[in-house]
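In: Let me see the structure of the following:
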Amino acid sequence: MAEPFDPETAGNAGEIEMQFAVKTVEHLEAYEKLITGIPASKIKFTPIDEELYENLLEIFPEFKFEDNLKHLDEDAMKSREGKERWRKFIMPYEKRVTDYNFGTLVRRRADELYSEENSVLVTRVQFYGIEIARNKAGLNDKVYHDAQAKKNKA
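Out: This next block holds a predicted model:
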(Lines give C-alpha, C1' and ligand atoms only; values in the text may rest on other atoms or scores of the structure.)
Protein backbone atom coordinates (compact mmCIF):
# COMPACT_ATOMS: atom_id res chain seq x y z
CA MET A 1 0.00 0.00 0.00
CA ALA A 2 1.33 3.46 -0.90
CA GLU A 3 2.30 5.92 1.78
CA PRO A 4 0.01 8.97 2.11
CA PHE A 5 1.32 12.08 0.39
CA ASP A 6 2.65 14.71 2.78
CA PRO A 7 3.31 18.03 1.00
CA GLU A 8 5.37 19.28 3.95
CA THR A 9 8.02 16.60 3.50
CA ALA A 10 7.72 15.93 -0.22
CA GLY A 11 10.58 16.92 -2.48
CA ASN A 12 10.09 18.52 -5.87
CA ALA A 13 10.02 16.15 -8.78
CA GLY A 14 12.27 17.38 -11.58
CA GLU A 15 9.60 16.79 -14.22
CA ILE A 16 7.03 18.86 -12.32
CA GLU A 17 9.52 21.69 -11.82
CA MET A 18 10.32 21.66 -15.54
CA GLN A 19 6.62 21.79 -16.49
CA PHE A 20 6.13 24.68 -14.08
CA ALA A 21 9.11 26.54 -15.54
CA VAL A 22 7.88 26.02 -19.10
CA LYS A 23 4.38 27.34 -18.30
CA THR A 24 5.84 30.32 -16.44
CA VAL A 25 8.12 31.25 -19.35
CA GLU A 26 5.28 30.80 -21.87
CA HIS A 27 3.14 33.24 -19.86
CA LEU A 28 6.03 35.71 -19.57
CA GLU A 29 6.67 35.60 -23.33
CA ALA A 30 2.97 35.99 -24.17
CA TYR A 31 2.57 38.99 -21.86
CA GLU A 32 5.73 40.68 -23.08
CA LYS A 33 4.52 40.27 -26.67
CA LEU A 34 1.17 41.75 -25.64
CA ILE A 35 2.52 44.85 -23.86
CA THR A 36 4.95 45.59 -26.68
CA GLY A 37 2.33 45.02 -29.38
CA ILE A 38 -0.74 46.95 -28.23
CA PRO A 39 -1.36 49.93 -25.95
CA ALA A 40 -1.75 48.77 -22.36
CA SER A 41 -5.08 50.58 -22.00
CA LYS A 42 -6.58 48.03 -24.42
CA ILE A 43 -5.49 44.95 -22.42
CA LYS A 44 -8.17 43.01 -20.57
CA PHE A 45 -7.17 39.96 -18.54
CA THR A 46 -10.43 38.69 -17.03
CA PRO A 47 -14.13 39.55 -16.96
CA ILE A 48 -13.56 40.89 -13.43
CA ASP A 49 -10.60 43.23 -14.05
CA GLU A 50 -12.38 46.19 -12.45
CA GLU A 51 -13.16 44.19 -9.31
CA LEU A 52 -9.55 42.99 -9.07
CA TYR A 53 -8.36 46.59 -9.42
CA GLU A 54 -10.72 47.95 -6.77
CA ASN A 55 -9.90 45.12 -4.36
CA LEU A 56 -6.16 45.67 -4.90
CA LEU A 57 -6.45 49.35 -4.01
CA GLU A 58 -8.64 48.59 -1.00
CA ILE A 59 -6.11 46.16 0.48
CA PHE A 60 -3.03 47.98 -0.84
CA PRO A 61 -3.83 51.71 -0.81
CA GLU A 62 -0.12 52.40 -1.38
CA PHE A 63 -0.66 51.26 -4.99
CA LYS A 64 -2.67 54.44 -5.56
CA PHE A 65 0.75 56.09 -5.81
CA GLU A 66 2.48 55.42 -9.12
CA ASP A 67 5.97 55.05 -7.62
CA ASN A 68 4.82 52.02 -5.60
CA LEU A 69 3.42 50.39 -8.75
CA LYS A 70 6.30 51.42 -10.97
CA HIS A 71 8.93 49.81 -8.71
CA LEU A 72 7.67 46.83 -6.70
CA ASP A 73 9.19 46.28 -3.26
CA GLU A 74 9.75 42.52 -3.25
CA ASP A 75 10.89 42.51 0.39
CA ALA A 76 7.64 44.17 1.50
CA MET A 77 5.59 41.80 -0.66
CA LYS A 78 7.26 38.73 0.85
CA SER A 79 7.40 39.94 4.46
CA ARG A 80 5.09 38.32 7.01
CA GLU A 81 2.68 41.26 6.87
CA GLY A 82 2.92 41.41 3.09
CA LYS A 83 2.09 37.73 2.72
CA GLU A 84 -0.95 38.12 4.98
CA ARG A 85 -2.22 41.08 2.97
CA TRP A 86 -1.64 39.28 -0.33
CA ARG A 87 -3.46 36.20 0.97
CA LYS A 88 -6.43 38.43 1.81
CA PHE A 89 -6.35 39.72 -1.78
CA ILE A 90 -5.86 36.33 -3.45
CA MET A 91 -8.23 33.96 -1.66
CA PRO A 92 -11.58 35.48 -2.75
CA TYR A 93 -10.63 34.50 -6.31
CA GLU A 94 -9.86 30.85 -5.57
CA LYS A 95 -12.93 29.58 -7.42
CA ARG A 96 -13.38 32.56 -9.74
CA VAL A 97 -10.06 32.99 -11.57
CA THR A 98 -8.50 30.13 -13.51
CA ASP A 99 -5.04 29.26 -12.19
CA TYR A 100 -5.52 31.95 -9.51
CA ASN A 101 -2.51 30.73 -7.50
CA PHE A 102 -0.30 29.53 -10.35
CA GLY A 103 3.24 30.89 -10.19
CA THR A 104 3.64 33.82 -12.56
CA LEU A 105 6.42 36.34 -13.09
CA VAL A 106 5.72 40.05 -12.74
CA ARG A 107 8.21 42.74 -13.68
CA ARG A 108 9.78 44.47 -10.67
CA ARG A 109 10.10 47.74 -12.65
CA ALA A 110 7.20 48.58 -14.97
CA ASP A 111 9.27 50.59 -17.43
CA GLU A 112 11.52 47.65 -18.38
CA LEU A 113 11.02 44.30 -20.07
CA TYR A 114 11.43 41.01 -18.25
CA SER A 115 14.93 39.97 -17.21
CA GLU A 116 16.36 37.84 -14.45
CA GLU A 117 16.87 40.96 -12.31
CA ASN A 118 13.46 42.42 -13.24
CA SER A 119 11.25 39.45 -12.34
CA VAL A 120 9.40 38.54 -9.16
CA LEU A 121 7.52 35.26 -8.73
CA VAL A 122 3.91 35.91 -7.68
CA THR A 123 0.54 34.20 -8.07
CA ARG A 124 -1.55 34.74 -11.19
CA VAL A 125 -4.07 36.89 -9.26
CA GLN A 126 -1.27 39.09 -7.89
CA PHE A 127 0.03 39.50 -11.44
CA TYR A 128 -3.43 40.49 -12.69
CA GLY A 129 -3.99 43.00 -9.89
CA ILE A 130 -0.59 44.66 -10.30
CA GLU A 131 -0.66 44.77 -14.10
CA ILE A 132 -4.27 46.02 -14.26
CA ALA A 133 -3.27 48.87 -11.94
CA ARG A 134 -0.13 49.58 -13.97
CA ASN A 135 -2.12 49.65 -17.21
CA LYS A 136 -4.70 52.04 -15.75
CA ALA A 137 -1.90 54.34 -14.52
CA GLY A 138 -0.17 54.27 -17.91
CA LEU A 139 2.96 52.71 -16.43
CA ASN A 140 3.34 50.14 -19.21
CA ASP A 141 3.17 52.79 -21.93
CA LYS A 142 6.96 53.29 -22.00
CA VAL A 143 7.55 49.62 -22.81
CA TYR A 144 4.98 49.80 -25.63
CA HIS A 145 6.33 53.07 -27.08
CA ASP A 146 9.95 51.85 -26.90
CA ALA A 147 8.99 48.65 -28.75
CA GLN A 148 7.09 50.59 -31.41
CA ALA A 149 10.00 52.99 -31.94
CA LYS A 150 12.40 50.06 -32.30
CA LYS A 151 10.02 48.36 -34.74
CA ASN A 152 9.68 51.53 -36.84
CA LYS A 153 13.48 51.93 -37.04
CA ALA A 154 13.89 48.41 -38.43
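In: Need the residues that contact stretch 50-57.
Out: Judged by Cβ atoms under 8 Å, 6 or more residues apart in numbering, the contacts made with stretch 50-57 from elsewhere in the structure are 45-46, 63-64, 89, 92-93, 125, 128-130, 132-133, 136. C-betas here are computed from N, CA, C, even on glycine.
In: one more time with 7 Å, if that's ok
Out: For stretch 50-57, contacts defined as Cβ atoms under 7 Å, 6 or more residues apart in numbering pick out 46, 63, 64, 89, 128, 129, 132, 133, 136.
In: so how far is stretch 26-40 off the chain centroid?
Out: For stretch 26-40, the distance from its own C-alpha centre to the chain's C-alpha centre is 12 Å (Cα atoms, centre = their mean, to the nearest Å).
In: what comes up buried for that stretch?
Out: Taking 16 or more other Cβ atoms under 10 Å as the basis for neighbour counts, the residues of stretch 26-40 that come out buried are 27, 28, 31, 32, 34, 35, 36, 40.
In: Can I get those residues in CSV including pLDDT and distance to residue 143?
Out: Putting the buried residues of stretch 26-40 into CSV (pLDDT from 0 to 100; distance: Cβ to Cβ, whole Å) gives the following:
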residue, pLDDT, distance to residue 143
27, 82, 16
28, 80, 13
31, 92, 11
32, 91, 8
34, 92, 10
35, 92, 5
36, 93, 6
40, 90, 8
